[in-house]
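Peer 1: Got a predicted structure here, sequence first:
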Amino acid sequence: MTLSEKATCNSHGQDSSYFLGWEEYEKNPYDDSTNPNGIIQMGLAENQLSFDLLEKWLSENPDAAGFKRNGQSIFRELALFQDYHGLPAFKNALAQFMSEIRGNKVSFVPDNLVLTAGATSANETLVFCLANPGEAFLLPTPYYPGFDRDLKWRTGVEIVPIQCTSSTGFRITEPALEEAYKQAQKLNLKVKGVLVTNPSNPLGITLTRHELNLLVDFADAKNIHLISDEIYSGTVFNSPEDYVSIMEVLVDRNLVNTPLWNRVHIVYSLSKDLGLPGFRVGAIYSNDKRVVSAATKMSSFGLISSQTQYLLSAMLSDEKFAGDYVVENRRRLKNRHAMLVRGLKKTGITCLESNAGLFCWVDMRHLLREKSFEAEMELWKKIVYEVGLNISPGSSCHCAEPGWFRVCFANMSEATLELAIQRIKTFVNAISGQNQSQNRVCSRTKSSKWVFRMSFNGRESER
């Protein structure tokens, strides 16, 4: 008996080097005591820097962790079936936390939130609501490799890249937007929207107001949707007051309650800002009541447990804790980011200047054997198998230029990061030594040939 086409198709993206790196890590994971020569996981964007703050709050608020209210157990209440609209207390707390992260420059209506089991579910559900199989979304490159799975696999929707390059700092430009739209038309694909991550994964940069205005104008002119995935909004560690959410742009431009107002949607999650990917807490925010209604029905396939909602509603409702956490977490991310950038710089490796996220976009073009994606994969394999680091090659992020890599820094201890930097330094020094040896050999060869030619020419003149 055969399985369905969906079960047997190869469109999940699991064969991407992004996921293959994870598999290699899982076969030989680094551990400072039991496996010190193992592979260090630098391909996973997890935030493990502020667990102590969360654990301290839990110890000081035993009722929330013990599923109690005023000292009385509410276990049975939480254990029973809950409506898929979600607990009102949690939606209120989440909406307030989203505003807090954005400096309270924009507010969110709790009824416009749809709760989902993580951002993966939120993005897929939103695409199901906005597009039919065979239609397309435009995404600026490089983009998160998981989008090939999240947006395409079950929905049947296509992704058309908006090609962004290092010559513009990988910024979104009007010509790139128009070219992507034309490319979709050439492929007979109906464009239903643009999806961006702000802050960007994998670049670690926030979109400028100019870029956001370009996107708004483009979505308005083409009569399409605009999705802003803002799951890293709380990780802006440099000038967080300058972070601009897409909703802020709409408000500032007096686009509230216009047709475009209903075509702009936000995806959010607590996986990155609170470091809770295992809790599976995501959300869709939309001003379109039809989208909210349809997405809420679809969320039945990926709900957040009532216990999780209860615990986090108590945590996020503690405004002092939430505010202090955001500030301290940003400080720690800034320090850890600086540590990686500084360490790589000492080895002659630079990074794209960034101000957010849990990773750096690292330039290793000078380490390639040649300017090709084949050479990028050769270098990546050496880094995984010989150096013992799992990093994500730019090609897995659909980067148009070989030699860029995403390197994560917040999912390990400071000591482990120091070891990773040391391993890179040893590797780069070895390459430099090999290159110098080859250059000396080439120089001696050229010199010998020159001497030979001089001697030969001399004999020619004697004859």
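Peer 2: Thanks, I have the structure now. Numbers count the residues shown, from 1 in each chain.

Peer 1: Now Q307: closest residue in space, sequence neighbours ignored.
Peer 2: Nearest residue to Q307, sequence neighbours excluded (Cβ to Cβ, 6 or more residues apart in numbering): L78, at 5.2 Å. Placement of C-beta: from N, CA and C, glycine included.

Peer 1: Run through who's touching the helix or strand that contains the one you found.
Peer 2: Per DSSP states H and E: L78 is located in helix 75-79. Residues outside helix 75-79 that contact it (Cβ atoms under 8 Å, 6 or more residues apart in numbering) are F67, S306, Q307, Y310.

Peer 1: now stretch 250-265
Peer 2: By Cβ under 8 Å, 6+ apart, the residues outside stretch 250-265 that reach it are 106, 126, 130, 193, 213, 216, 219-220, 224-228, 246-247, 284-288, 291.

Peer 1: now with 6 Å?
Peer 2: Applying Cβ atoms under 6 Å, 6 or more residues apart in numbering, the set of residues contacting stretch 250-265 from outside is L126, D220, H225, L226, I227, I246, S286, N287, D288.

Peer 1: Backbone dihedrals for the nearest residue to the third one once chain neighbours are set aside, please?
Peer 2: To tie it back to what came earlier, the one meant is H225. Closest residue to H225 apart from its sequence neighbours, by Cβ to Cβ, 6+ apart: G193 at 3.3 Å. Dihedral angles phi and psi of G193 (degrees, to the nearest 10) take the values phi 180, psi 180.

Peer 1: Contact partners for G193?
Peer 2: Applying Cβ under 6 Å, 6+ apart to G193 gives the contacts F137, I224, H225.

Peer 1: Turn these into TSV, columns for secondary structure.
Peer 2: Shown next, in TSV, are the contacts of G193 (DSSP: H, G, I helix; E, B strand; the rest coil):
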residue	secondary structure
F137	strand
I224	coil
H225	strand
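
Peer 1: filter those to the buried ones?
Peer 2: Buried residues within the contacts of G193, counting neighbours by 16 or more other Cβ atoms under 10 Å: F137, I224, H225.

Peer 1: ok, so of the residues you listed, who is nearest S299?
Peer 2: S299 lies nearest to H225 out of these, by Cβ to Cβ, at 18.8 Å.

Peer 1: hang on, isn't that closest one packed against V127?
Peer 2: No. Counting by Cβ atoms under 6 Å, H225 stays clear of V127, with 9.6 Å between them.

Peer 1: pLDDT wise, what is K105 at?
Peer 2: For K105, the model assigns a pLDDT of 92.

Peer 1: count of neighbours near the closest residue to W361 other than its chain neighbours?
Peer 2: Excluding the flanking residues, the one nearest W361 by Cβ to Cβ, 6+ apart is L352, at 4.1 Å. L352 has 18 neighbours, counted by other Cβ atoms under 10 Å.

Peer 1: just A79 next, same as before
Peer 2: 12.

Peer 1: how close does it sit to T116?
Peer 2: Separation of A79 from T116 (Cβ to Cβ, to the nearest Å) stands at 21 Å.

Peer 1: Low-confidence stretches in the stretch 301-450 of the chain?
Peer 2: Applying pLDDT under 70 to the stretch 301-450 of the chain flags the ranges 433-450.

Peer 1: and the residue nearest to H225, what are its bridge partners?
Peer 2: F137, H225 (DSSP bridges).

Peer 1: where's E353 relative to D363, distance?
Peer 2: For E353, the distance to D363 (Cβ to Cβ) stands at 11 Å.

Peer 1: Helices along the stretch 1-150 of the chain, start to end?
Peer 2: For the stretch 1-150 of the chain, helices defined by DSSP state H, counting those that start in this stretch occupy the ranges 5-8, 17-27, 51-60, 62-65, 75-79, 88-101, 118-130, 147.

Peer 1: go on, the stretch 251-400 of the chain?
Peer 2: Using DSSP H, counting those that start in this stretch, helices in the stretch 251-400 of the chain cover 289-298, 306-317, 319-346, 373-382.

Peer 1: of all those, which gets the most neighbours per residue?
Peer 2: Per-stretch averages of neighbours, counted by mean count of other Cβ atoms under 10 Å, single out helix 306-317 among these, with a mean of 20.

Peer 1: which strands and helices sit next to it?
Peer 2: Packing partners of helix 306-317 (3 or more Cβ pairs under 6 Å, 6 or more residues apart in numbering; DSSP states H and E): helix 75-79, helix 88-101.

Peer 1: rerun at 10 Å
Peer 2: With contacts taken as 3 or more Cβ pairs under 10 Å, 6 or more residues apart in numbering; DSSP states H and E, helix 306-317 sits against helix 51-60, helix 62-65, strand 68-69, helix 75-79, helix 88-101, helix 319-346.
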